[in-house]
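Chemist: how would this look folded up:
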Amino acid sequence: MEEPQDNQLNIELSEEIAEGVYSNLAIITHSNSEFVLDFIRVMPGIPKAKVKSRIVLTPDHAKRLLLALEDNIAKFEMINGQIKGGGEPNNGMPFNFGGPTAQA
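Modeler: Prediction:
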């Protein structure tokens with residue numbers, strides 16, 4: 001009789017990827033077959049921002065990500081208290097940090 005196979009997945013994380021990428025703005029678009037998450041870093045006084053990372057997901061994986069985020073936020077808030085802000089989507093977009101406007 002065969003022993004049950006271990007259903008483990010070995011995941012490799014390179015040093016470069018482990019450093020992460022800071023983002024303070026995410027833009028989400030979708031088609032009928034995929035969701036695209038663009039992560040952007042907006043800086044005060046700089047009118048132009050670049051996409052720092054793009055993740056493309058199937059609709060099924062996008063839904064799993066949503067559920068995982070909801071679960072993790074609930075756990076975080078149980079320990080640390082409610083996260084302030086967040087409100088309605090597209091409110092408080094960090095396009096203007098209140099600093100001087102860049103001029104060329």
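
Chemist: so where do the strands sit in the protein?
Modeler: Taking DSSP state E as the criterion, the chain carries its strands at 25-30, 35-41, 50-57.

Chemist: Now distance to residue 84, mean neighbour count and mean pLDDT too, for these, in TSV please.
Modeler: Quick note: C-beta positions are derived from backbone N, CA and C, even for glycine. TSV is the format used below for those (distance: least, Cβ to Cβ, whole Å; neighbours: other Cβ atoms under 10 Å; pLDDT from 0 to 100):
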stretch	distance to residue 84	mean neighbour count	mean pLDDT
strand 25-30	18	12	96
strand 35-41	21	16	97
strand 50-57	25	12	96
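
Chemist: Quick one: closest of those strands to residue 64.
Modeler: strand 50-57 (8.6 Å; Cβ to Cβ).

Chemist: which strands and helices sit next to that closest one?
Modeler: Helices and strands in packing contact with strand 50-57 are listed as strand 35-41; criterion 3 or more Cβ pairs under 8 Å, 6 or more residues apart in numbering; DSSP states H and E.

Chemist: Strand partners (parallel or antiparallel) of the strand it packs on?
Modeler: Counting by DSSP bridges, the strands paired with strand 35-41 are strand 25-30 (antiparallel), strand 50-57 (antiparallel).

Chemist: hmm, back to that, now the strands of the chain as TSV including distance to residue 68?
Modeler: As requested, the strands of the chain are arranged in TSV below (distance: least, Cβ to Cβ, whole Å):
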stretch	distance to residue 68
strand 25-30	15
strand 35-41	14
strand 50-57	12
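
Chemist: Residue 13 is nearest to which of these?
Modeler: Proximity of the strands of the chain to residue 13 was assessed by Cβ to Cβ; the nearest stretch is strand 50-57, lying at 15.0 Å.
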